[in-house]
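> sequence first, predicted coordinates after that:
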Amino acid sequence: MYRMVDLQRVPVYRDQNNFCAEVSVANLGGGELVGVLAQNRGLVHTDTGTIILVRSKDHGKTWDPSTKVVVMAETADLASEIDLEKAQEARRAAERALEGGSQEPADLASARAQLQQSLLRIRVAERRHREGPRHRG
């Protein structure tokens, strides 16, 4: 049985203009942690938002906001705003990063997330191109 001792409250990520919550943390080993959380638009909780990833290299004592990676952007839901050429270039960049292979675990996780996001954006943009814009009504 595990027992938690010496618990401390440590902010993983702060954004003065947006509500951030629902953090899940993965231990990559060697003191490196990755936190995935929801960043909502505005200062109230909503059921939509952007999913971001940040990391710590000191067992979670501090978190580096410069490591922020957008895993799934809220605007990805708006197919009309997706630039297919940019999504394809993002896919190629992520594939190049993964082919390099000699990166830190968090960098590889970030490249995988960027690849998944770009593939999703490509599928949505291609479907919109095939089917045309959807009309609400």
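Received the coordinates, thanks.
> am I right that residue 93 sits in a strand?
No. Using DSSP: H, G, I helix; E, B strand; the rest coil, the secondary structure at residue 93 is helix, not a strand.
> ok, it to residue 118 distance?
According to CB to CB, to the nearest Å, residue 93 and residue 118 sit 8 Å apart. Every C-beta, even on glycine, is put in place using the N, C-alpha and C of the backbone.
> surely residue 118 forms part of a helix?
Yes. Applying three-state DSSP, one finds residue 118 inside a helix.
> between residue 93 and residue 118, which one's more packed in?
Applying other CB atoms under 10 Å to residue 93 and residue 118 shows that residue 118 carries more neighbours, namely 20 against 14.
> quick one: pLDDT of the more buried one?
Per-residue pLDDT puts residue 118 at 83.
> how about the strands of this structure, start to end?
20-29, 32-39, 50-56, 64-72 (DSSP state E).
> which of those is buried the deepest?
Burial of those is given as mean neighbour count (mean count of other CB atoms under 10 Å); strand 50-56 ranks first at a mean of 21.
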